[in-house]
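Colleague: Here you go, sequence then predicted model.
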Amino acid sequence: MFRNQYDTDVTTFSPQGRLHQIEYAQEAVKQGSAVVGVRNKNYAVLATLKRTTSDLASTQKKLFPIDDHIGMAIAGLTADARLLSKYMRTECLNYKYVYECPMPLSRLVLRVADKHQIATQRVSKRPFGVGLLIIGYDQQGPHLYETSPSGEYWEYQAMSIGARAQSARTYLEKVFETLDNCSLDQLCRHAVLALRETVAALKDMELSTKNCALAIVGKDLKFTIYEDEDVLPYLDVVQAASLQPMDGQSSTL
Amino acid sequence: MYNKQHLDPHDDTSAQRPDFMPYQNNGGTVVAMGGEDYCIVAATTRLGLGFAIPTRNVCRYAILNDRVVLATAGMYADTVALHKVVTARVKVYQQQQEKPFGLFSAAQLLSNTLYYRRFFPYYTFNVLGGLDQDGQGFVYGFDAIGSGEKVKVVCNGTAQALIQPILDNQVEKKQQYENKQIEKWSLQEALDLVKDVFTSAGERDIYTGDAVDICTVTKQRGVVVETFPLKKD
């Protein structure tokens, strides 16, 4: 990233038609540790890598429950994510109160995206420095959405954001077409293996109960977070994979 | 002097009738009883209006979480509104505190919610039951504006005057001619007592009948709901 005279505030376009502040905000997302989301016909799963600032500190929170049927993983500025999660929780509660049914994900994500956009068009504000992977189960089935500091949002079958997420995306590109036919366990395997790709290149860094957290939502399954000892059964697949490399899985160096 | 108490706002033939009455008494009776490691919260399902029965099957209880149940008698519209507000506030508590919602917190929350409407009250008579921090079953009884008390057994609603003395006498051994020891009631004995008490109240109170929803709260199974039929007359 280069410094230039058009990047001082978000309300100034560059001659190329770009808003540099938004792009810098997206850089903040890429600095956060990786999170992976996958979806199939009945379930959606998030796998996250929790980072610690030091050995003495607890790990950064990556998973936020929003409602019984919605939750999200974040990459980037945790403080911004906290604000957004408070907003999303209030929206879900109010919707449930007024309409007596759980909030459909598309409507929630649209409101969140609009909130992001406001911060990109005011001199007095700065863009949100966090990317969200939101999963949920509503009347239309399970969903996975990504939001970005720019105010855009997309729905995905599988996606990863954060540091070294490209490795995870490469893995997901190879397997995403098989996800609909997967069982829940297989879906979780794919999520964890995709996450593992983001650390495969690093020495002395492995997925363990200390740094990995999983979340699942689906038909008859409320948004549930699995961390510490609860995530151990899902990490067994990582042990098996490191002993025998699977076909089609790139072992990066 | 013409005694205003005999005037029924729902009786079209009466001489005096207010132009607008924001309240209705839809009847209903609620009972809650705490044991050593369980709690029972029961609520009738008949909705009455004057001498009529608009429906025999309404839900007067709200499961706040796997340890606390709220049951409400009185005006049904206010019951529904109150349950909506309280269940939303429970969710907020759980999201903010990241810890399970306990019985004492529920009592405080309900009391505050009711008092908030001190000058236009919820026409509701509540009982709250559940397991406290030590796992013991306890219950709270409230009036319409939130005055509550933690006890072992309580009753509210139209059959309160019929049922509460029985519960005081049998469960807490009050007013017994000989000084009896307070025995522990097992879950099955307590359920039988609650069913008997509703059956008896149904014989005398016109608003009690049709069915009772009995919620049993235990640590092992959380909240289990059973519907016990009553006479339809």
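Modeller: Looks like it came in fine.
Colleague: what does chain A put close to chain B?
Modeller: The interface of chain A toward chain B, taken as Cβ under 8 Å from any Cβ of the partner chain, is made up of A:65, A:89, A:93, A:96-97. (Each C-beta comes from the backbone N, C-alpha and C, glycine too.)
Colleague: how does it look with 10 Å?
Modeller: A:64-68, A:85-86, A:89-90, A:92-94, A:96-98, A:100 (Cβ under 10 Å from any Cβ of the partner chain).
Colleague: In the chain, where is pLDDT below threshold?
Modeller: Assuming you mean chain A. Counting by pLDDT under 70, chain A shows low-confidence ranges at A:1-2, A:241-253.
Colleague: sorry, should have said chain B
Modeller: For chain B (pLDDT under 70), the answer is B:1-18.
Colleague: Could you look up the SS state of A:Ile22?
Modeller: helix (DSSP: H, G, I helix; E, B strand; the rest coil).
Colleague: Nearest residue to it in space, please, no chain neighbours.
Modeller: A:Ser150 (4.9 Å; Cβ to Cβ, 6 or more residues apart in numbering or on different chains).
Colleague: Can you tell me the element the one you found falls in?
Modeller: According to DSSP states H and E, A:Ser150 maps onto no helix or strand at all.
Colleague: mind listing what it touches?
Modeller: Contacts for A:Ser150 (Cβ atoms under 10 Å, 6 or more residues apart in numbering or on different chains) come out as A:19, A:22-23, A:25-26, A:113, A:116-117, A:120, A:127-128.
Colleague: Confirm B:Ile214 sits in a helix?
Modeller: No: secondary structure of B:Ile214 (three-state DSSP): strand, not part of a helix.
Colleague: Could you find the closest non-adjacent residue to the spatially most central residue of chain B?
Modeller: Nearest to the mean C-alpha position of chain B, counting by Cα atoms, centre = their mean, stands B:Val30 at 3.0 Å. Residue nearest to B:Val30 in three dimensions, not counting chain neighbours: B:Ala71, with 4.0 Å by Cβ to Cβ, 6+ apart.
Colleague: hey, which helix is longest across chain B?
Modeller: In chain B, assigned by DSSP state H, the helix with the most residues is helix B:76-97.
Colleague: correct me, but B:Gln176 touches B:Gln170?
Modeller: Yes: judged on Cβ atoms under 10 Å, B:Gln176 makes contact with B:Gln170 at a distance of 9.2 Å.
Colleague: who has more neighbours, the two?
Modeller: Taking neighbours as other Cβ atoms under 10 Å in any protein chain shown, B:Gln176 and B:Gln170 compare with B:Gln170 leading, 16 against 11.
Colleague: Determine the number of other residues adjacent to the closest residue to that one other than its chain neighbours.
Modeller: Closest residue in space to B:Gln170, ignoring its immediate chain neighbours: B:Leu193 at 6.5 Å, by Cβ to Cβ, 6+ apart. Taking other Cβ under 10 Å as the criterion, the count of residues near B:Leu193 is 19.
Colleague: what does B:Val68 give?
Modeller: Counted with other Cβ under 10 Å, B:Val68 comes out at 29.
Colleague: Identify the residues contacting the residue nearest to it when sequence neighbours are not counted.
Modeller: Spatial nearest neighbour of B:Val68, chain neighbours left out: B:Gly130 (3.7 Å); criterion: Cβ to Cβ, 6+ apart. Counting by Cβ under 10 Å, 6+ apart, B:Gly130 touches B:32, B:34, B:39, B:41, B:63-70, B:101-104, B:106-107, B:137-140, B:215, B:217, B:223.
Colleague: Now for the closest residue in space to A:Gly76 that isn't next to it in sequence: which residues touch it?
Modeller: Among residues not flanking A:Gly76 along the chain, A:Val130 sits closest, at 3.6 Å (Cβ to Cβ, 6+ apart). A:Val130 is in contact with A:25, A:28-29, A:32, A:74-85, A:116, A:147-149, A:161, counting by Cβ under 10 Å, 6+ apart.
Colleague: From what I see, A:Ala25 and A:Gly76 are in contact.
Modeller: Yes: judged on Cβ under 10 Å, A:Ala25 makes contact with A:Gly76 at a distance of 8.2 Å.
Colleague: Tell me the residues that contact both of the two, please.
Modeller: With Cβ under 10 Å, 6+ apart, A:Ala25 and A:Gly76 have common neighbours A:128-131, A:148-149.
Colleague: Make a ChimeraX selection of the buried ones in those.
Modeller: Per 16 or more other Cβ atoms under 10 Å in any protein chain shown, the buried members of the shared contacts of A:Ala25 and A:Gly76 correspond to this ChimeraX selection:
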select /A:128,129,130,131,148,149
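Colleague: The shared contacts of A:Ala25 and A:Gly76 into TSV, with extra columns for secondary structure and distance to B:Glu189?
Modeller: Formatted as TSV, those follow (DSSP: H, G, I helix; E, B strand; the rest coil; distance: Cβ to Cβ, whole Å):
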residue	secondary structure	distance to B:Glu189
A:Phe128	coil	59
A:Gly129	coil	61
A:Val130	strand	56
A:Gly131	strand	58
A:Ser148	coil	61
A:Pro149	coil	62
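Colleague: ok, of the shared contacts of A:Ala25 and A:Gly76, which one's closest to chain B?
Modeller: Taking Cβ to the nearest Cβ as the measure, A:Val130 is the one of the shared contacts of A:Ala25 and A:Gly76 closest to chain B, at 18.5 Å.
Colleague: hang on, B:Ala73 in a helix?
Modeller: No: counting by three-state DSSP, one finds B:Ala73 to be strand, located in no helix.
Colleague: show me the contacts for the closest residue to it other than its chain neighbours.
Modeller: Distance criterion Cβ to Cβ, 6+ apart; nearest residue to B:Ala73, sequence neighbours excluded, is B:Gly157 at 3.1 Å. Neighbouring residues of B:Gly157 by Cβ under 10 Å, 6+ apart: B:25, B:27-31, B:43-44, B:60, B:71-74, B:124-127, B:163, B:201, B:205, B:207-208.
Colleague: Chain B: helices as residue ranges?
Modeller: Under DSSP H, chain B gives helices at B:76-97, B:103-116, B:160-170, B:187-204.
Colleague: Please tabulate those in TSV, including the columns distance to A:His190.
Modeller: Listed next are the helices of chain B as TSV, based on distance: least, Cβ to Cβ, whole Å:
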stretch	distance to A:His190
helix B:76-97	29
helix B:103-116	41
helix B:160-170	57
helix B:187-204	46
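Colleague: Brilliant, that's me finished.
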